[in-house]
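1. Prediction below, plus the sequence it came from.
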Amino acid sequence: MGREIEVKIPLSDEQYDAVLAFIKGGKAQTGVTGRDVSHLLKTDAYFSRYDTDEERKKNVEPKVIRIRTEQVLDVPDAPPKQAFFCLKYKKIENDVEFNSENETAVEDENPLLLFFSVAGYKKYFEKIKDSYSVYCTCDADKQIEFHLELVTVNGHKYFEVEVTQPELDADRVQKGLEAFVSAFGLDVSKKDSRSWMQILAD
C-alpha cells in the first residue's frame, strides 16, 4: 500500500506547450531538474458493483477499482503493452488528493475482466490519457521527488504532479508541491480536485 499526494491543474494551450518544452529538454526551468522522460498512452477502465457514487460510499467500495493498460510511445522497439490492476481510496484535503493505493502488474487482464463479470462488476467509465511523464527535483526541497505528468484526456490539458514518499511529512509535501507548481509559473489556487469522470462530464 502506498500514499500519494497529488495536485492537478488545468492548462491553456500556451501553458501546455511551455511545460512540454521543458520535458523535451528544449527549455530550462528555473529551480527544477527533470529525468527519466517517457511518453505513454494510458487506457483506464473503472469498475463497480453499484450505479452511483452514493451507493459506492454507502457500501465502502474503494473509490477506484481500475485496470490500466500502458503503451510506450515515440520509442523504437518499445516494450509491449503492460497492464496494471489498482484499488485506491481517495481523500481530499484543501483540494489536494491524498490517496491510499494498492497496485500490481498483471500479465493478462482478461481473467480479471471475466472475474468482474461473474462477480457482478460493471465497467462504468473509461478514459484515454496521453501522458508525458518525468521525475523532477526542485530547489525548494531537494529531498522530494515529484512525478510530473503533462496529460491530455479527451482534449482536456492538465498538469498533474504527485509525491509518493510516505516517510515525508504530509504538510512538508504540500508546501513542496505548491513551490513546484509555482516554479512553472502556474497558480496553485487553480488546482482541480474533481475526478476525471466529473471533469469530462462537465
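-> Thanks, I have the structure now.
2. how about the spatially most central residue of the chain, phi and psi?
-> Residue closest to the average C-alpha location in the chain (CA atoms, centre = their mean): Glu160, at 6.2 Å. Torsion angles at Glu160 (phi, psi; degrees, to the nearest 10) stand at phi -120, psi 130.
3. My guess is it contacts Thr152. True?
-> No: under the criterion of CB atoms under 8 Å, Glu160 makes no contact with Thr152, lying 11.1 Å away. Using the backbone N, CA and C atoms, a C-beta is placed for each residue, glycine as well.
4. which strands and helices sit next to the lowest-mean-pLDDT helix or strand in the chain?
-> Between all helices and strands in the chain, the lowest mean by mean pLDDT, DSSP states H and E belongs to strand 96-106, at a mean of 81. Counting contacts by 3 or more CB pairs under 8 Å, 6 or more residues apart in numbering; DSSP states H and E, strand 96-106 packs against strand 2-10, strand 82-93, helix 170-183.
5. Can you name the next helix or strand after that strand?
-> Using DSSP states H and E, the helix or strand that follows strand 96-106 towards the C-terminus is helix 110-119.
6. Show me which residues of that following helix are buried.
-> For helix 110-119, the neighbour count (16 or more other CB atoms under 10 Å) marks Leu112, Phe116 as buried.
7. and the direction of the next helix or strand after it versus that of helix 170-183, what angle?
-> Using DSSP H and E, the helix or strand that follows helix 110-119 in sequence is strand 122-138. Between strand 122-138 and helix 170-183, the angle comes out at 80 degrees (axes from the mean of the first three to the mean of the last three CA atoms, to 10 degrees).
8. re the thing from before, got JSON lines for the helices and strands packed on strand 96-106, with mean pLDDT, distance to Asn102 and mean neighbour count too?
-> Listed next are the helices and strands packed on strand 96-106 as JSON lines, based on pLDDT from 0 to 100; distance: least, CB to CB, whole Å; neighbours: other CB atoms under 10 Å:
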{"stretch": "strand 2-10", "mean pLDDT": "88", "distance to Asn102": "8", "mean neighbour count": "19"}
{"stretch": "strand 82-93", "mean pLDDT": "85", "distance to Asn102": "5", "mean neighbour count": "15"}
{"stretch": "helix 170-183", "mean pLDDT": "94", "distance to Asn102": "19", "mean neighbour count": "18"}
